[in-house]
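Asks: Here's my sequence, what's the structure:
(chains A and B)
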Amino acid sequence: DVKVTQSSRYLVKRTGEKVFLECVQDMDHENMFWYRQDPGLGLRLIYFSYDVKMKEKGDIPEGYSVSREKKERFSLILESASTNQTSMYLCASSPTGHLYGYTFGSGTRLTVV
Amino acid sequence: RKEVEQDPGPFNVPEGATVAFNCTYSNSASQSFFWYRQDCRKEPKLLMSVYSSGNEDGRFTAQLNRASQYISLLIRDSKLSDSATYLCVVDVAAGNKLTFGGGTRVLVKP
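Replies: As a prediction, this is how the structure comes out:
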């Protein structure tokens, strides 16, 4: 089974802090994604990556950056956390092509106070 | 028009009944279709892929209607454990990414 592991299940950070959310997958998938999910707004794509050191903006990249130095690891960085970034963050991975869909990590519930 | 659109529900279903719901998508060139299930405060999990000829997995049946650009999910003999949000997922956008619908909430009641 593909495993996507997110480093923290729950996180509480202060406004203005730099926050790192880590995601690691163990199936050699090329593609990795970061979403946030909020009630009534569904899943919104923040950033994605098709290869090491490669990144592309999703639908809501403002206030975020990403890093993919190794194929298995995709990090989401909140440069200066704000209260409106309180959300559930979900990492996903997939092999090249759409045949198998995405596999998600269990999510990080981030609260910014 | 949203790229992938679902009725948010909730669909209140008596235990043992059949429930069906649809999802419409905007891009006629889309090739990949999935249904995901998401339980409260958990991550989405792949329920089934949707093939052109339609496919079945136990009590779940998925259909694709390319002419009208929608996919459907039917759940037979509903169980209490089927209560969840069902997400429709389609490759409407260019490139190697999928687009998620907002989800349809299903509540199965005794």
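
Asks: Going by C-alpha atoms from here, please, whenever you check contacts or count neighbours.
Replies: Will do.

Asks: What sits closest to B:A93 if chain neighbours are left out?
Replies: Excluding the flanking residues, the one nearest B:A93 by CA to CA, 6 or more residues apart in numbering or on different chains is B:T99, at 7.1 Å.

Asks: does that neighbour really touch B:V90, like I thought?
Replies: Yes - between B:T99 and B:V90 there is a contact under CA atoms under 8 Å: 5.4 Å.

Asks: Bridge partners for the residue sitting nearest the centre point of chain A, pull those for me.
Replies: Residue closest to the average C-alpha location in chain A (CA atoms, centre = their mean): A:W34, at 2.9 Å. Taking DSSP bridges, one finds A:Y47, A:C91 as the beta-bridge partners of A:W34.

Asks: what are the bridge partners for the closest residue to A:T86 other than its chain neighbours, then?
Replies: Leaving aside its sequence neighbours, A:T86 sits nearest to A:T111 (CA to CA, 6+ apart; 4.6 Å). Beta bridges link A:T111 to A:V12, judged by DSSP bridges.

Asks: ok, A:T111 to chain B distance?
Replies: 14 Å (CA to the nearest CA, to the nearest Å).

Asks: What residues does chain A have near chain B?
Replies: By CA under 8 Å from any CA of the partner chain, the residues of chain A that approach chain B are A:40-43, A:50, A:90, A:96-107.

Asks: now the strands: where do they sit in chain A?
Replies: A:4-6, A:10-13, A:19-21, A:23-25, A:31-38, A:42-49, A:56-57, A:64-70, A:73-78, A:87-94, A:103-104, A:108-112 (DSSP state E).

Asks: picking up where we left off before, list the residues that contact the residue nearest to B:A93.
Replies: Residues counted as contacts of B:T99 (CA atoms under 8 Å, 6 or more residues apart in numbering or on different chains) are B:E3, B:V4, B:V89, B:V90, B:D91, B:V92, B:A93.

Asks: Now for the nearest residue to A:K57 once chain neighbours are set aside, how many residues are close by?
Replies: Counting by CA to CA, 6+ apart, A:Y47 is the residue found nearest to A:K57 once chain neighbours are left out, at 4.7 Å. Burial of A:Y47 is recorded as 24 neighbouring residues (other CA atoms under 10 Å in any protein chain shown).
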